[in-house]
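Engineer: Test case, fold it:
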Amino acid sequence: MHKKQIYISIFVSTFFLLFIPFISVLGVTPAPYIAINEGAERTTKRRVTLTLSVPKNMNSGMKLAHSFDSLKTADWRPFQRRIEEWLLPSGDGEDKIVYIQFKDILGTESQAYSAVIH
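Structural biologist: Numbering: from 1, shown residues only. Below is the predicted model of the structure:
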């Protein structure tokens, strides 16, 4: 009985590892969505809430940064759908950009995405 369970587990795991990239190639996978303060256009506060939505195959890890260059050296962290207190850089009247990147369970990294708030 244990042998059947192991074979079934291997088959299911292999199926999903092969099937998920296939869905992405067909364009079925939705693009990641990043919202700052629930999609607000402006804020007067430096502490904001980030809401993230990504395809299930890309929710193994994420990294966040204030600039595209610093995203390269940012540490990976577990994926979170909501980050309650993200601190924006200081500076009145300037656009604030949050950069984010995701990775899947195989370690494949997504492109960088960004969201802007004024």
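Engineer: Which residue ranges of this structure form strands?
Structural biologist: Remark: strands of the chain, listed N- to C-terminal, are 33-36, 47-53, 61-65, 82-87, 96-103, 113-117; assignment by DSSP state E.
Engineer: Who are the contact partners of the residue nearest the centre of the chain?
Structural biologist: In the chain, the residue lying closest to the centroid (C-alpha atoms, centre = their mean) is residue 102, at 4.1 Å. Shown here is residue 102, whose contacts under the criterion C-beta atoms under 8 Å, 6 or more residues apart in numbering are 32, 54, 58, 59, 60, 61, 62, 79, 109, 110. No exception for glycine: its C-beta is placed from N, CA and C like everyone else's.
Engineer: which non-adjacent residue is nearest the first one?
Structural biologist: By that I understand residue 32. For residue 32, the nearest residue in space outside its immediate sequence neighbours is residue 54; the separation is 4.4 Å by C-beta to C-beta, 6 or more residues apart in numbering.
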